[in-house]
Structures are given as C-alpha cells and as structure tokens.
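>>> Model the following, please.
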Amino acid sequence: QVQLVESGGGLVQAGGSLRLSCAASGGTISYYHMGWFRQAPGNERDFVAAITWGGDTTFYANSVKGRFTISRDNAKNTVYLQMNNLKPEDTAVYYCNAVQGPKLEFPRFGSWGQGTQVTVSS
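Prediction:
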C-alpha cells in the first residue's frame, strides 16, 4: 500500500513562500492523479490543488489560484506544492492524497499521512 509523507511546512510571514513535498513509498504514484488538501482548526479538510498523472493538467481551489503551483516528479515518486504570496488564511495542516472526481477534487486513498503544518503570520 502506498504511504505518503508530507514535509516542508513551517512558520512564514504573510507574503512569503513555502514549498511542500509529498513523498510516496511502498508503491508508485506515477499512475495516480495526485492532490493537496488542507485543514484549518475547526474546519473540514478542503481541496487545494490537483495534478493529473502525466502532469499535463492542474486544478486549483479559487482561494489559491494564481498563488500556488502543484507539480510532480514521477521519477522521484514525489508531488510538490509551491506556495507564494502566503496569507494568514492559508494557515492549516496540509495533506496529499491520490484524487478522483470531475476536477480531481476528492481524495481517493482512505488513509492520510501526518500532514505538514503551515502557519502564516500577519
């Protein structure tokens, strides 16, 4: 079973940047569409971004469009999320998962990794 480990979170000031990584082990993610989700305290886990298995198509939540970029390196079995111009409302725990649905907005794997905390100060 594929296991996903997120990393790269941290504390950053508003306007700053972070790059998150999602490394897979126990199997290849090369043939899965992949995505990022986030969960702020007291909120449900929300879709952030997704990328097709070949990397040719991406989808973004309206709240991050133009600021975040999802990418993948299938040779490294890794998915990335470049986050620029961060805002305090981006503060959340970020998770990756395989995705499905018309705009790849729904998680596919039933289990989640531990996530990585992103905190944006104002």
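
>>> The residue most central in space within the chain bridge partners, please.
Here the mean C-alpha position of the chain is nearest to the C-alpha of Trp36 (Cα atoms, centre = their mean), at a distance of 2.4 Å. Beta-bridge pairing for Trp36 (DSSP bridges): Ala49, Cys96.

>>> I'd say it and Val48 touch.
Yes: counting by Cβ atoms under 8 Å, Val48 is a contact partner of Trp36 at 4.3 Å. From N, CA and C alone the C-beta is placed, and that goes for glycine too.

>>> shared neighbours of the two, anything?
Leu81, Tyr94 (Cβ atoms under 8 Å, 6 or more residues apart in numbering).

>>> Can you tell me what sits against the host helix or strand of Ala23?
According to DSSP states H and E, Ala23 maps onto strand 18-25. Defining contact as Cβ under 8 Å, 6+ apart, one finds that strand 18-25 is touched by 2-10, 12, 34, 36, 76-83, 86, 94, 96, 113, 116, 118.

>>> redo that, cut-off 6 Å
2-8, 12, 77-83, 94, 96 (Cβ atoms under 6 Å, 6 or more residues apart in numbering).

>>> Only alpha carbons, please: show that strand as CSV.
Extracted C-alpha coordinates of strand 18-25, given in CSV (Å, rounded to 0.1, in the frame of the first residue of the first chain):
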residue,chain,number,x,y,z
LEU,A,18,7.0,27.7,1.1
ARG,A,19,7.4,24.6,-0.9
LEU,A,20,5.7,21.4,0.3
SER,A,21,6.7,17.9,-0.7
CYS,A,22,4.8,14.7,-0.7
ALA,A,23,7.0,11.6,-0.9
ALA,A,24,5.5,8.2,-1.6
SER,A,25,6.8,4.9,-0.5
